[in-house]
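>>> Mind looking at a prediction? Sequence and model below.
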Amino acid sequence: MSTIINATDVTVRYNERAILDSATLAIDEGQRIGLVGRNGCGKTTFLKILAGLQAPDSGDVTRRRDLAMSYLSQDFTLDPALDVRGNVRAGAQIVLDLITQFEAMAMDAKYYEEIENRINTLDGWTVDQRIESALSHLNCPAGDRDIGTLSGGEKRRVALARAIVSRPDFLILDEPTNHLDPESIEWVADYLSSYDGTFLCVTHDRFFLDRVVTRIIELCDGKFWSHNGNYTDYLLDKAERQEADAVVEHKRQMFLKKELAWVRQGPRAQRSKQKDRFERYYDEAAKSGPVIEEDMELCIPPPPQLGNRTVEVSGLGMELGGRKLISDFNFTFQNGQRIGVCGRNGLGKTTLLKIMIGQMQPTAGEVKIGQLTKFNYVDQGRLQLNEERTVLDECSSGTEFVIWGDTKISVRSYLKRFLFADDRILTQVRKLSGGERSRLLLACILKCGGNFLILDEPTNDLDLPTLRVLEEALIAFPGVVCVVSHDRYFLNRVCTDIIAFEGDAKISHSVGDYDYYLEKKRKAEAIAAKQSAAILATNKANAQAKEAAANPKARKLSFKETHELAGMEAQIHTLEAEVASIENQFADPEFFRKQAGQVNRLTAELEATKAKVTQLYARWEELEAIQTASMDAKVD
């Protein structure tokens, strides 16, 4: 396995802070790498250095000759002179130029075979099909749309399509899953799983990391730490590494404690052994211990008491621009629920939230709000920060304290729980990293309190440690949480219920996490497919029966089929009794309290039994049709 890019002793400083401190990393051909670390630790800076867009303060970056690279940055730009398809096509310019050069060459030209091999390596002859596939599966706008008319999320999908269509040797992706719906994320994951080249991605999507990467590189304190495997493997390795570091540090502290007592006795350093002992002590004392990562203590102020009614949605309908988004939706939010709202972009998730809080009026139905319900809404745009103000000024809004239940805490203490040290609290907003800006926005919004928390895409731009803390805070929140997210890992950890927008104004509710919703959806689709197949089989049998009736030589039932038909009615009655028994268990008000652990098993058993009943009815009709046709032919 050859090395395609090598970064050696790379150092980058911002003021006095070294975000890359003599960092060294080699990337080999075919590796699938996820780069993780706290926001502001230098991940994006390192990606720019690898892409050749930024030079390090010191150190070297060497690349394999003729290495074809493609880079999706967080602050990407699109060509306003080109339409959507033109921008995506521009991402494959390397391949297109090679094809143009190749087609203009004579077959006996010097580099004819070399260029042809290069085109084949980059899978250049299928570039047009890949462009159309990327536009479709990433849910990009129409190919002839003007770039100036696109939203931020639409532009990002176009930029992602542009980055991947060329199938380069080395693909660099900075937050590729932001603003993508679950179906698009699944397609990108499938694409990268079958990708022949090398890629390195930065993403907060842990399900995505578990799915596609085989090596995790952690950037911590200016250094790289390499872990083989996916994100789950990395977490296990890191826990072992931190445990080993803690053991070494404990031994060092014990040694220093023992030696300090000896040094304080003031022994004369005349002998060489005593001098060596002094030197060992000062050498160990000069060493720094392992870096201990400080976690953010996410503060959600204690909510006021909720009443018996929180929010009730009845017969809700919504049309926008002649398009129906919501149709006859009914739901009652209950205290303690954590609702995950999911579905493809543009189906109406944010619209539902805005209807609930009164920012939009529905075209049908109503929303009843409890008298004690107090919303705290974190929208996708969030707040607009003043770039020239300091962190303290932005969060305080002229006050020195944050109301905290029945008491209050200082704004400085509040901000420190969001990992803003004293020097960063007085920093101007324009000098903050992306992650620091996200934490500041959350701090500004969450201080408003409320007992019904609504979060629209809260996971975008948050680093993985902050995401874990946000999850813990939401799980412990003693009110109602309603969160829109495409982050499958986040939905699984946090949610007790899923509200899924499935298209064509259809909204379904499922108790449990996102994986359980997907499992039920797949089973329902499988049952529907079987029922459809059964209907087709019935129609076919009826057609055969009509044909047999017209044919005097219509076939008779075989002995085996006659025996099968005779026992079929009893078999159907038995299965229908089983269905009724399970449904009666679910109807029992005490069932979910006493037998919650049996829900998944019984649900699967119920769906399987119903499918068997459907199949038996179809087979019964088929055999009855054959028997009837045979008897009619005999009479004739």
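Structure's in. What do you need? Residues are numbered from 1 along each chain as shown.

>>> Every contact and neighbour count from this point should use C-alpha atoms.
Fine.

>>> Run through the residues that contact Ser508.
Residues in contact with Ser508 (CA atoms under 8 Å, 6 or more residues apart in numbering) are Ile499, Ala500, Phe501, Glu502.

>>> tell me the centre residue of the chain?
Asp487 (3.0 Å; CA atoms, centre = their mean).

>>> From Gly317, how far off is the nearest residue to it once chain neighbours are set aside?
Closest residue in space to Asp487, ignoring its immediate chain neighbours: Asp205 at 6.1 Å, by CA to CA, 6 or more residues apart in numbering. As judged by CA to CA, to the nearest Å, Asp205 and Gly317 stand 33 Å apart.

>>> Which one of these two is surrounded by more residues?
Neighbour count, other CA atoms under 10 Å: between Asp205 and Gly317, Asp205 has more, with 25 against 20.

>>> Now do that one, the pLDDT please.
Turning to Asp205, the model gives it a pLDDT of 87.

>>> cool, Ser288 as well?
For Ser288, the model assigns a pLDDT of 65.

>>> likewise Gln274?
pLDDT, Gln274: 66.

>>> Let me see the mean pLDDT of the host helix or strand of Trp620.
Counting by DSSP states H and E, the element that carries Trp620 is helix 599-635. Mean pLDDT, computed over helix 599-635, is 77.

>>> tell me which residues in it are buried?
606-607, 609-630, 632-633 (16 or more other CA atoms under 10 Å).

>>> go on, stretch 124-141?
Quick answer for stretch 124-141 (16+ other CA under 10 Å): Gly124, Val127, Arg130, Ile131, Glu132, Ala134, Leu135, His137, Leu138, Asn139, Cys140, Pro141.

>>> As CSV, these with pLDDT, distance to Gln371 and secondary structure would be great.
Below are the buried residues of stretch 124-141 laid out as CSV (pLDDT from 0 to 100; distance: CA to CA, whole Å; DSSP: H, G, I helix; E, B strand; the rest coil):
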residue, pLDDT, distance to Gln371, secondary structure
Gly124, 83, 63, helix
Val127, 86, 59, helix
Arg130, 86, 54, helix
Ile131, 89, 53, helix
Glu132, 89, 52, helix
Ala134, 87, 48, helix
Leu135, 88, 47, helix
His137, 84, 45, helix
Leu138, 84, 43, coil
Asn139, 81, 41, coil
Cys140, 86, 43, coil
Pro141, 86, 43, coil
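
>>> of all these, which comes closest to Thr466?
Using CA to CA, Leu138 is the member of the buried residues of stretch 124-141 that lies nearest Thr466, at 27.6 Å.

>>> That closest one contacts Ala159, correct?
No: look at Leu138 against Ala159 with CA atoms under 8 Å: they stay out of range, at 10.4 Å.

>>> just how off-centre is the helix holding Trp620 within its chain?
Distance, stretch centre to chain centre, for helix 599-635: 42 Å (CA atoms, centre = their mean, to the nearest Å).

>>> for that helix, packing partners?
On a contact count with 3 or more CA pairs under 8 Å, 6 or more residues apart in numbering; DSSP states H and E, helix 599-635 meets helix 514-550, helix 559-587.

>>> again, only using 6 Å
helix 514-550 (3 or more CA pairs under 6 Å, 6 or more residues apart in numbering; DSSP states H and E).

>>> between the helix it packs on and helix 599-635, how many degrees?
Interaxial angle, helix 514-550 versus helix 599-635 (axes from the mean of the first three to the mean of the last three CA atoms, to 10 degrees): 0 degrees.

>>> average pLDDT across helix 514-550?
pLDDT averaged over helix 514-550 gives 79.

>>> And stretch 469-483, by the same measure?
On average, stretch 469-483 scores 87.

>>> residue boundaries of the strands in the stretch 51-200 of the chain?
For the stretch 51-200 of the chain, the strands defined by DSSP state E, counting those that start in this stretch cover 58-63, 69-72, 170-174, 198-202.

>>> how about these, which one is nearest Arg389?
Ranking those by distance to Arg389, with CA to CA as the measure, places strand 170-174 first at 28.1 Å.

>>> Tabulate the strands of the stretch 51-200 of the chain (CSV), appending mean neighbour count, distance to Leu441 and mean pLDDT.
Formatted as CSV, these follow (neighbours: other CA atoms under 10 Å; distance: least, CA to CA, whole Å; pLDDT from 0 to 100):
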stretch, mean neighbour count, distance to Leu441, mean pLDDT
strand 58-63, 15, 34, 94
strand 69-72, 23, 25, 90
strand 170-174, 23, 21, 93
strand 198-202, 23, 22, 94
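
>>> any chance of those in JSON lines, with distance to Gln531 too?
Shown next, in JSON lines, are the strands of the stretch 51-200 of the chain (distance: least, CA to CA, whole Å):
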{"stretch": "strand 58-63", "distance to Gln531": "57"}
{"stretch": "strand 69-72", "distance to Gln531": "45"}
{"stretch": "strand 170-174", "distance to Gln531": "43"}
{"stretch": "strand 198-202", "distance to Gln531": "43"}
